[in-house]
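Chemist: Pasted the sequence and its predicted model underneath.
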Amino acid sequence: MLFLAMFCLSFPAFIAFPVFGLLILVRLYMGAVYSVCASATMTMAGDVLPVTKITEGISRFAFTVSIGMAVGPYVGLQVQSNMSSKASFLTIFGITVAALICVSCCRLKYPKVERKKFSLKESLYGPAAPFMLNMMFLMIPYGAVIAYSSILAQEKDIMGYLPYFYICLVVGMLLSKTSTQKVIDAGKHGPLVYVSLAVLIVTMLSFLFLTSGVHLLIAGFFFGLGYGILQPLFQSFVTGTTPAPQRGVANSTYMLSYDIGIGIGSLLMGFMQESIGLTNGFALTAIFYVVGGAVYLVYVDHYYCRLKRDADHRG
């Protein structure tokens, strides 16, 4: 509640401090408080689920994170196109207040815990690190696409299709979730990971031949199809294998993959835009899917199965 309230305040801060240097500080502030909100919210979701339903339940909940990440750019485009900057930030402020109200309706009772001094070692959860590293590679192309899709649309003179690109992204996510949930519940994770990666690799390579708005929409759909499976699935790996007292630090460790991966993706695409162009750059990021798939095949799949057996034994 505290950090979500602090996060809400960051949007009026953009209006109150319209100076570049101060805006940088606001962004740093946003990142710090959001990281706490995200990991805490995911942990709360795991805490209200029965032990036998952790994997399935958290997979469904994590899907809302994927949807939010896809809907966010669409909302941003609409707000930017139809409102002033001040109205835009006030609108987003209203959305965050709605989130605060939702969280205030949660009533969870936690046992009292002994406060410990801050320790960097204890702020990271080692068993979640392989999942974090694996997803970090998979989020690099996501960061590239989300950050530079609008510039690509401008270059190809298909800017009018861009809002619908994000709609197709959401539709792909929804379809992937509804069509694969039973397979996820049955524990058949490997085939889903490999199929998703194959879809994403082909999608990124298709940007080499992007010439029309229809192509952009189709790419958005399949992009959502792949991430609609991968993001909730890996979150369920983490939460479903972590003892309840460590879920908070495990989630915060894992969710570093989103921040680092998206940051690397947008940074790399900034360099590649100037040197090889966006379409070539998008296609080149498919390499990270290959790397992520290799990491999953060689280590993470077996690692998850071992942790899951241990978790089931504890339960």
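Modeler: Sure, I can see it.

Chemist: all contacts plus neighbour counts: C-alpha atoms, from now on.
Modeler: Noted.

Chemist: Settle this for me: residue 55 is touching residue 234, isn't it.
Modeler: No: contact criterion Cα atoms under 8 Å: residue 55 and residue 234 do not qualify, at 10.0 Å.

Chemist: Among these two, which residue is more densely surrounded?
Modeler: residue 55 (25 against 21; other Cα atoms under 10 Å).

Chemist: Now the phi/psi pair for the nearest residue to residue 80 once chain neighbours are set aside, please.
Modeler: Nearest non-adjacent residue to residue 80, counting by Cα to Cα, 6 or more residues apart in numbering: residue 88, 6.6 Å away. The phi/psi pair for residue 88 (degrees, to the nearest 10) reads phi -60, psi -50.

Chemist: Give me the distance between residue 88 and residue 198.
Modeler: Per Cα to Cα, to the nearest Å, residue 88 is found 38 Å from residue 198.

Chemist: neighbour-wise, which of the two wins?
Modeler: More crowded of residue 88 and residue 198, by other Cα under 10 Å: residue 88, with 20 against 16.

Chemist: wait, isn't that one in contact with residue 81?
Modeler: No: at 9.5 Å, residue 88 does not count as touching residue 81 under the criterion of Cα under 8 Å.

Chemist: Just the element for residue 108, please.
Modeler: Here residue 108 is covered by no helix or strand, with elements defined by DSSP states H and E.

Chemist: so how many other residues sit close to residue 30?
Modeler: 18.

Chemist: To clarify, my last question referred to residue 52.
Modeler: 11.

Chemist: can you list the weak-confidence ranges in the chain?
Modeler: 110-116, 118-122, 314-315 (pLDDT under 70).

Chemist: Check which element follows the helix or strand that contains residue 31 along the chain.
Modeler: Assigning secondary structure by DSSP H and E places residue 31 in helix 20-47. Going down the chain from helix 20-47, the next helix or strand is helix 54-82, by DSSP H and E.

Chemist: Give me the buried positions along that next one.
Modeler: 54-63, 65-67, 70-71, 73-75, 79 (16 or more other Cα atoms under 10 Å).

Chemist: Stretch 124-132 now?
Modeler: Buried residues in stretch 124-132 (16+ other Cα under 10 Å): 124, 125, 127, 128, 129, 130, 131, 132.
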